[in-house]
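In: Starting from these lines, generate the structure:
(chains A, B, C and D)
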2 protein chains.
Amino acid sequence: MTSPRRELRRRQLLDAARDVFAEKGYVAATVDDVVARCGVARGTFYLYFDDKLDVFGALVSDFFARVAGSIRPIDLSPGAPRPREQLRANLHRVVGLALAEPHLVTITFGTAFGVDPALDERLARFYGALSTFMDETLQTGQQLGLVRAGDRRLMLSIAIGGLQQLLRDAVGGQVPGDEDALVDAVMDFLEGGLLARA
Amino acid sequence: MTSPRRELRRRQLLDAARDVFAEKGYVAATVDDVVARCGVARGTFYLYFDDKLDVFGALVSDFFARVAGSIRPIDLSPGAPRPREQLRANLHRVVGLALAEPHLVTITFGTAFGVDPALDERLARFYGALSTFMDETLQTGQQLGLVRAGDRRLMLSIAIGGLQQLLRDAVGGQVPGDEDALVDAVMDFLEGGLLARA
DNA sequence: CCCAACGCTGACGTCAGTGTCAGTTGGTAG
DNA sequence: CTACCAACTGACACTGACGTCAGCGTTGGG
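Out: I've put the predicted structure just below:
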């Protein structure tokens, strides 16, 4: 079907769009900016995408899926590593992915919401699916005594939000960005919160 | 100076803009939408604001300032309540403010970044000032043994991000929105993280 | 009662960005 | 060599949101 030539051009356009969106923000970015950065004529863009929102949605949805796909279920079978180590490994993959694609972090976690109602709904579905999966994981953890008691939706909201903000700040340079340090910081927070033991 | 008549109209326009932005998102919202909701002519808008970005910036900056202003420094003098109670009281004020202004939460914490570079910088300054203040508070806490050891910038990033996400989800209905439950959830997270004690 | 100052109106010209499409290019198969 | 086709071009017509401004009420102090 899709020739390799075509696939390549599509990639180039996606990469250009990613950089433009990260630099100028969705509102100020124009299709002209994207094709200029790509060294390609205006019309070419429309051979690959419907419009600005389409390419934005492709970037965001794809990155979201990659992040979600990098999370592996916790394996509780006898020979498997300890759950805590599996959690850490999951965090490492997510953080690694984020640091490898700083612009996509900015776009996806920083500016994607509120751009367009239709896109918002798509993202909400993604987010909901991920949330449901993690909720089940957490429930199992609670039953095994690995996760403390409490409303899982609230705990998840805080944990995911905290991780997202940390990644945003890390790629934005507001916070030192060493991968291991970031993973450790999140693990410490999950294990002990912020305050000292009473 | 500013007559009460003028002040009232300005308020009406701000309220209308708040609702329009929350419903349609910044991109799709137009000045026409705002004046229509306000029952006022197009030209009137421009007697009060420069353009769409100006009114958006006013909403966001003002709400950000109100949130920041609701946070009181921890009083360590002899007669004062325990620091943990003061922390909880601060959380209660922030959560209460958020639940009282759901649309502003959506706008300010959900869609404000990436709209415009100039606005981003303004918000970054706000955020930076708040962050610095909280960093100092946290440092004192560490010295007193009330806050665990660790990189304060990372801890703050996670904590603030977690709170913001929780508020976004609460006003968006993704999560049950009882004020006390939200405050408790955050306090629990700050005190003990997510995982059970090893 | 008057009129000046204030607040408001809304039709209008402008323009940045859009999406199209008739035409060009260049690689490849016969 | 030629014929073909997919990929690409970029000038063009169009759109819709913008910001303005000359003129119209209204209000309240003198």
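In: what about the helix or strand containing residue A:157 and chain B, touching?
Out: Following DSSP states H and E, one finds residue A:157 within helix A:152-171. Yes - among the residues of helix A:152-171, A:153-155, A:157-166, A:168-169 lie within reach of chain B under Cβ under 8 Å from any Cβ of the partner chain. Where you see a C-beta, it was placed from the backbone N, CA and C, and this is true even at glycine.
In: which of those residues lies closest to DNA strand C?
Out: Comparing the residues of helix A:152-171 next to chain B against DNA strand C with Cβ to the nearest atom of the strand places residue A:168 closest, at 25.6 Å.
In: my read: the closest one touches residue A:106, true?
Out: Yes - taking Cβ atoms under 8 Å as the definition, residue A:168 is a contact partner of residue A:106 at 7.0 Å.
In: Look at residue A:24 and say how many residues are nearby.
Out: Counted with other Cβ atoms under 10 Å in any protein chain shown, the neighbours of residue A:24 add up to 15.
In: My guess is it contacts residue A:32. True?
Out: No - using Cβ under 8 Å, residue A:24 makes no contact with residue A:32, being 11.5 Å away.
In: and the residue lying closest to residue A:70 once chain neighbours are set aside, what does it touch?
Out: Of all residues not flanking residue A:70 in the chain, residue A:93 sits nearest, at 4.1 Å (Cβ to Cβ, 6 or more residues apart in numbering or on different chains). Neighbouring residues of residue A:93 by Cβ atoms under 8 Å, 6 or more residues apart in numbering or on different chains: A:70, A:71, A:72.
In: buried sites along the helix or strand where residue A:185 lies?
Out: Per DSSP H and E, residue A:185 falls inside helix A:179-192. Going by neighbour count (16 or more other Cβ atoms under 10 Å in any protein chain shown), the buried part of helix A:179-192 is A:182, A:183, A:184, A:185, A:186, A:187, A:188, A:189, A:190, A:191, A:192.
In: And the helices in chain A?
Out: With DSSP state H, the ranges of helices along chain A come out as A:4-28, A:31-38, A:42-45, A:52-69, A:83-100, A:102-105, A:117-143, A:152-171, A:179-192.
In: can you redo the ones you listed as CSV with distance to residue B:117?
Out: Below are the helices of chain A laid out as CSV (distance: least, Cβ to Cβ, whole Å):
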stretch, distance to residue B:117
helix A:4-28, 7
helix A:31-38, 14
helix A:42-45, 23
helix A:52-69, 17
helix A:83-100, 22
helix A:102-105, 15
helix A:117-143, 21
helix A:152-171, 16
helix A:179-192, 26
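In: just these: most buried one?
Out: Of all these, helix A:152-171 has the most neighbours on average by mean count of other Cβ atoms under 10 Å in any protein chain shown, namely a mean of 24.
In: what helices or strands is it leaning on?
Out: The elements that helix A:152-171 packs onto, with contact taken as 3 or more Cβ pairs under 8 Å, 6 or more residues apart in numbering or on different chains; DSSP states H and E, are helix A:83-100, helix A:102-105, helix A:117-143, helix A:179-192, helix B:152-172, helix B:179-192.
In: weakest of the ones you listed in terms of mean pLDDT?
Out: Mean pLDDT per stretch puts helix A:117-143 lowest among these, at a mean of 93.
In: can you list the residues of chain A near DNA strand C?
Out: Within chain A, the positions lying close to DNA strand C (Cβ under 7 Å from any atom of the strand) are A:28, A:30, A:31, A:32, A:42, A:43, A:46, A:51, A:52.
In: can you tell me which residues contact residue A:35?
Out: Contacts of residue A:35 were listed using Cβ under 8 Å, 6+ apart, and they are A:13, A:16, A:41, A:42, A:44, A:45.
In: I misspoke; the intended subject was residue A:84.
Out: Applying Cβ under 8 Å, 6+ apart, the residues near residue A:84 are A:146, B:195.
In: make it 10 Å
Out: A:74, A:146, A:187, A:190, A:191, B:195, B:198 (Cβ atoms under 10 Å, 6 or more residues apart in numbering or on different chains).
In: how near is the nearest residue to the third one once chain neighbours are set aside to residue B:84?
Out: For residue A:187, ignoring the flanking residues on the chain, the nearest one in space by Cβ to Cβ, 6+ apart is residue A:88 at 5.9 Å. Distance of residue A:88 to residue B:84, computed by Cβ to Cβ, to the nearest Å: 29 Å.
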